[in-house]
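K.L.:
Need coordinates for the below:
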Amino acid sequence: MIHLRDDQVRDLLPSPTDAVALMRETLLALADGSASVTPKSQVVHEEGGFANAMPAAWPERGLLGIKWVTITPSNREHGKEMIDGLMVLSGADGSTRAIMDAAELTALRTAAVTGASLALDDRPVTFIGTGVQARSHARVVEALGRGSLTVWGRRADALEDLVAWGREHTPGLEIRTTTDRAEALAGAGVVISGLPIGLTGSDIQPGEVAADATLLPLDYASTAGAALARTGTVVADDPEQFERLRPLKHGEDYPRATGATGDLLREGRPSGLVVAQNLGSGLGDVVLADAVVRNAEG
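P.N.:
Below you'll find the model as predicted:
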């Protein structure tokens, strides 16, 4: 058994392009039922904070594992990361192959699922938010050659920090920033939102985005709220998990998912507005953790 710290995981993760390809396979497996997953098991440990247990298996690939991830909003007040966690990867025989810190793994998995979903729409991309996921998504957008990335944030200094980071880490990507949300949304075909989960008052209203836009929220319903979702087609990386979480995280009035994101990747995007909820399936974490361990052993 090996144990990997986050800095080691970061160095052993697959490239953004390879991670996107792996997450496409994962989304297809979630859609066709070839993997075994369960909705996240959740406990609350502070107001607005929670922890999830995320087990998953892919029998035909011999993959088995579980991620323990914590969301601690109060950490932001102390300069700490809001998201942390631990990944345990098992062998097909049930033995423990590896234990690894999960922050870097989670950041890439989330962005790579978005990257796989970008195959649904080749129009300009806007990212809502300036946190960790803005950076991981910038890496993926650059790797996919999707052109410039528009980023909206409330604070000009946070946007300036992101641009400075981009000059060093994503030099091939033009990052355009604005504090005017209407401006950010006006030219977007694809909107990725990574605001804090549970944030209120940030819903995008019908008419603020194109009627046939593609919404890829990471923040449940903080941005792609019920009023907007009801005007289009809603899918999710894991529809069963989405339905379990929908009343709690999205609200009873939020429309049900009509299928999986993988269904659209296989069959094509429907016309009109599409909301593809990226809830974060444990299967994606298991698949990436397996790639990390293979790189460590190779």
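K.L.:
ranges for the strands of the stretch 101-250 of the chain?
P.N.:
Applying DSSP state E, counting those that start in this stretch to the stretch 101-250 of the chain gives strands spanning 125-128, 149-152, 175-178, 190-193, 214-217, 233-236.
K.L.:
Per the annotation, how does this structure divide into domains?
P.N.:
Domain ranges of the chain: 2-105+282-297, 111-277, per automatic domain parsing.
K.L.:
Turn those domains into JSON lines, columns for mean pLDDT and mean neighbour count.
P.N.:
C-betas here are computed from N, CA, C, even on glycine. As requested, these are exported to JSON lines (pLDDT from 0 to 100; neighbours: other C-beta atoms under 10 Å):
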{"stretch": "domain 2-105+282-297", "mean pLDDT": "93", "mean neighbour count": "18"}
{"stretch": "domain 111-277", "mean pLDDT": "94", "mean neighbour count": "19"}
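K.L.:
returning to that earlier point: I'd like the strands of the stretch 101-250 of the chain as JSON lines, with distance to residue 284 appended.
P.N.:
Output for these, formatted as JSON lines (distance: least, C-beta to C-beta, whole Å):
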{"stretch": "strand 125-128", "distance to residue 284": "20"}
{"stretch": "strand 149-152", "distance to residue 284": "22"}
{"stretch": "strand 175-178", "distance to residue 284": "25"}
{"stretch": "strand 190-193", "distance to residue 284": "16"}
{"stretch": "strand 214-217", "distance to residue 284": "15"}
{"stretch": "strand 233-236", "distance to residue 284": "13"}
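K.L.:
Go through these and name the closest to residue 243.
P.N.:
Closest approach to residue 243 among the strands of the stretch 101-250 of the chain (C-beta to C-beta): strand 233-236, 8.4 Å.
K.L.:
contacts for that closest one?
P.N.:
For strand 233-236, contacts defined as C-beta atoms under 8 Å, 6 or more residues apart in numbering pick out 242, 255-261, 263-264, 270, 272-279.
K.L.:
do stretch 247-260 as well
P.N.:
Stretch 247-260 is contacted by residues 27, 30-31, 197, 220-221, 225-226, 229-230, 233-239, 242-243, 246, 277 when judged by C-beta under 8 Å, 6+ apart.
K.L.:
Could you export stretch 211-223 as PDB, CA atoms only?
P.N.:
Extracted as PDB, the C-alpha positions of stretch 211-223 are listed here (Å, rounded to 0.1, in the frame of the first residue of the first chain):
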ATOM      1  CA  ALA A 211     -32.100  30.800 -24.800                       C
ATOM      2  CA  ASP A 212     -30.100  27.900 -26.100                       C
ATOM      3  CA  ALA A 213     -27.100  28.200 -23.700                       C
ATOM      4  CA  THR A 214     -25.400  25.300 -22.100                       C
ATOM      5  CA  LEU A 215     -25.100  25.600 -18.300                       C
ATOM      6  CA  LEU A 216     -22.500  23.500 -16.500                       C
ATOM      7  CA  PRO A 217     -23.000  24.200 -12.800                       C
ATOM      8  CA  LEU A 218     -20.600  22.900 -10.100                       C
ATOM      9  CA  ASP A 219     -22.500  24.700  -7.300                       C
ATOM     10  CA  TYR A 220     -25.900  22.900  -7.400                       C
ATOM     11  CA  ALA A 221     -28.500  25.600  -7.800                       C
ATOM     12  CA  SER A 222     -26.500  28.600  -6.600                       C
ATOM     13  CA  THR A 223     -26.400  29.900 -10.200                       C
END
